[in-house]
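Peer 1: Sequence and predicted structure below; questions after.
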Amino acid sequence: MPPVPAPAAPVKQAPKQPLKQPPAADRVYSHVKQAVLDRRYEGGTLLTEGELAEAVGVSRTPVREALLKLEVEGLIKLYPKKGALVLAVSAQEIADVVETRLLVEEFAVRKAVPASAAFLARLEELLEEQRQRAEEGDLGAVAVSDRCFHAEIVRNAGNQILSKLYDQLRDRQLRMGVAVLEAHPDRIAKNVTEHAEMLEAIRAGDADGAAACVRRHVSRVQVLVRGTDR
């Protein structure tokens, strides 16, 4: 009988490395920023270093670092020995954001015509994603999917400077979006419908019609947010 081959030595698997956590200051920053955008920390809320340190499980030093960054971004105002005040959305900020969005988005949607098949398919995909988020009822996720639809139209214009400018509005858009949806739940379905109208105008090659859809849709934000954030 031929010799029986010796069994192969078992392959040693490298021990799994524990997942490395982000730096403490980054964790605090993400925690506070997401809570502000989701309106779990509403305008007028006073946050203390001790409370945030306990919530995230860190010392106070990274909390201070994160709050300084958030103050630069205009989401909070620091008060020494008191804490950080979450800034409410002002009427001027609403007007400024809407005006900037109209300038950028009307230009971008006109450049979308005539639209490529790939671009139309991407907008359809984003619209379907928005419908799914609406069914799930997560207002934060709905606001994100809503913004992604608009951002895709801006990116399609091919102007990187304009895209970067638009990206700077992201946090303010999300915060206003959640505020509107909380106060006007019917806007979820209406937003989906208005995005579908925008998509059909682009598909039809109607640049004027698409721009008119954008103007009606974005202009409503100013009226609705003023009723929810004063």
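Peer 2: Yep, it's here. Numbers count the residues shown, from 1 in each chain.

Peer 1: From now on I want contacts and neighbour counts done on CA atoms only, so please keep to that.
Peer 2: OK.

Peer 1: Show me how the chain divides into domains.
Peer 2: Domain ranges of the chain: 24-86, 91-226, per automatic domain parsing.

Peer 1: okay, those in CSV with mean neighbour count and mean pLDDT next?
Peer 2: Putting the domains of the chain into CSV (neighbours: other C-alpha atoms under 10 Å; pLDDT from 0 to 100) gives the following:
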stretch, mean neighbour count, mean pLDDT
domain 24-86, 17, 92
domain 91-226, 18, 93
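
Peer 1: how about the helices of this protein, start to end?
Peer 2: For the chain, applying DSSP state H gives helices covering 24-37, 49-56, 60-72, 91-111, 117-136, 139-156, 160-167, 170-183, 187-203, 207-226.

Peer 1: quick one: the residue nearest to Ala157 when sequence neighbours are not counted from Ala84, how far?
Peer 2: Closest residue in space to Ala157, ignoring its immediate chain neighbours: Ala108 at 5.2 Å, by C-alpha to C-alpha, 6 or more residues apart in numbering. Distance check for Ala108 against Ala84: by C-alpha to C-alpha, to the nearest Å, it reads 38 Å.

Peer 1: ok, now Leu67?
Peer 2: 7 Å.

Peer 1: joint contacts of those two?
Peer 2: Taking C-alpha atoms under 8 Å, 6 or more residues apart in numbering as the contact rule, Leu67 and Ala84 both touch Ile76, Leu78.

Peer 1: who's in contact with the residue nearest to Phe119 when sequence neighbours are not counted?
Peer 2: Leaving out its chain neighbours, the residue that sits closest to Phe119 by C-alpha to C-alpha, 6+ apart is Asn156, at 7.6 Å. Going by C-alpha under 8 Å, 6+ apart, Asn156 touches Ala108, Ala112, Phe119.

Peer 1: try Val36
Peer 2: By C-alpha under 8 Å, 6+ apart, the residues touching Val36 are Glu42, Leu75, Val86, Arg175.

Peer 1: one more time with 6 Å
Peer 2: By C-alpha atoms under 6 Å, 6 or more residues apart in numbering, no residues touch Val36.

Peer 1: Great, nothing more from me.
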